[in-house]
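Asker: Compute the structure for the input listed below.
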Amino acid sequence: MNASAITPALATVPAVSAAAAPAAPNTAQRAANATDSGTREVRLYDIAHGRTGDKGDRCNISVIAYRPEYYDTLVEQVTPDAVRAVYAHREPGTITRHLLPNLSAMNFVIDHVLDGGVNDSLNLDSHGKSLAGFLLDLPITLPAHLAPPGRQDLAGG
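Answerer: Numbers count the residues shown, from 1 in each chain. Have a look, this model is predicted:
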């Protein structure tokens, strides 16, 4: 087995202010970008599940594709910048993405997103466990042939 097959790929996005964070594309913008009926708009939870943990003021969120065919789409669209946009209201610090292609998964490590951590925060629910559900609501554009059966296209199609 070659080393590149087992070494996770990393992508790190430095901390930026919430004002400088890129806006997450809304459904209308994403639908306008879909130029033909060859794509479907779904939520991340339709094609992947998440696991989350926290330690202090650091959260890690794993996103695991339900099917290996979804992995390339996840790598393309669930980027550190997209994650930063989802959590912009929490003003996260550095976001590092670890790619795990043999598992059709990725893991994000997000610094300074938990209001100081469970013991330091007055926030009622600052645990990292709740943050995976928030990320799984991210809109994803899939080739129509990969769309899960029975799901309504978010763009209304």
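Asker: Which parts of this protein are helices?
Answerer: Under the criterion DSSP state H, the chain contains helices at 3-6, 27-33, 44-47, 71-77, 80-86, 131-135.
Asker: what comes up buried for stretch 135-143?
Answerer: Within stretch 135-143, the residues that count as buried by 16 or more other CB atoms under 10 Å are 135-136, 138-142. (Each C-beta comes from the backbone N, C-alpha and C, glycine too.)
Asker: in this structure, which helix or strand is least confident?
Answerer: helix 3-6 (a mean of 43; mean pLDDT, DSSP states H and E).
Asker: and the closest residue to Tyr71 other than its chain neighbours, what are its phi and psi?
Answerer: Sequence neighbours aside, Ser104 is the residue nearest to Tyr71 in space, at 4.2 Å (criterion: CB to CB, 6 or more residues apart in numbering). The phi/psi pair for Ser104 (degrees, to the nearest 10) reads phi 50, psi 50.
Asker: same deal with Gly56?
Answerer: For Gly56, the backbone dihedrals are phi 60, psi -130 (criterion: degrees, to the nearest 10).
Asker: Please apply the same query to the one 10 residues further on.
Answerer: In this entry, Tyr66 is assigned phi and psi values of phi -70, psi -30 (degrees, to the nearest 10).
Asker: ok, the residue nearest to Tyr71 - how many residues close by?
Answerer: 19 (other CB atoms under 10 Å).
Asker: correct me, but it touches Tyr70?
Answerer: Yes: using CB atoms under 8 Å, Ser104 makes contact with Tyr70 at a distance of 7.1 Å.
Asker: quick one, what contacts the residue nearest to Tyr71?
Answerer: By CB atoms under 8 Å, 6 or more residues apart in numbering, the contact set of Ser104 is 64-65, 67-68, 70-71, 74.
Asker: buried subset of those residues?
Answerer: Applying 16+ other CB under 10 Å to the contacts of Ser104 flags 64-65, 70-71, 74 as buried.
Asker: Distance to Val86 and pLDDT for those - can I get that in JSON lines?
Answerer: Listed next are those as JSON lines, based on distance: CB to CB, whole Å; pLDDT from 0 to 100:
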{"residue": "Ile64", "distance to Val86": "17", "pLDDT": "98"}
{"residue": "Ala65", "distance to Val86": "18", "pLDDT": "98"}
{"residue": "Tyr70", "distance to Val86": "18", "pLDDT": "97"}
{"residue": "Tyr71", "distance to Val86": "20", "pLDDT": "98"}
{"residue": "Leu74", "distance to Val86": "14", "pLDDT": "97"}
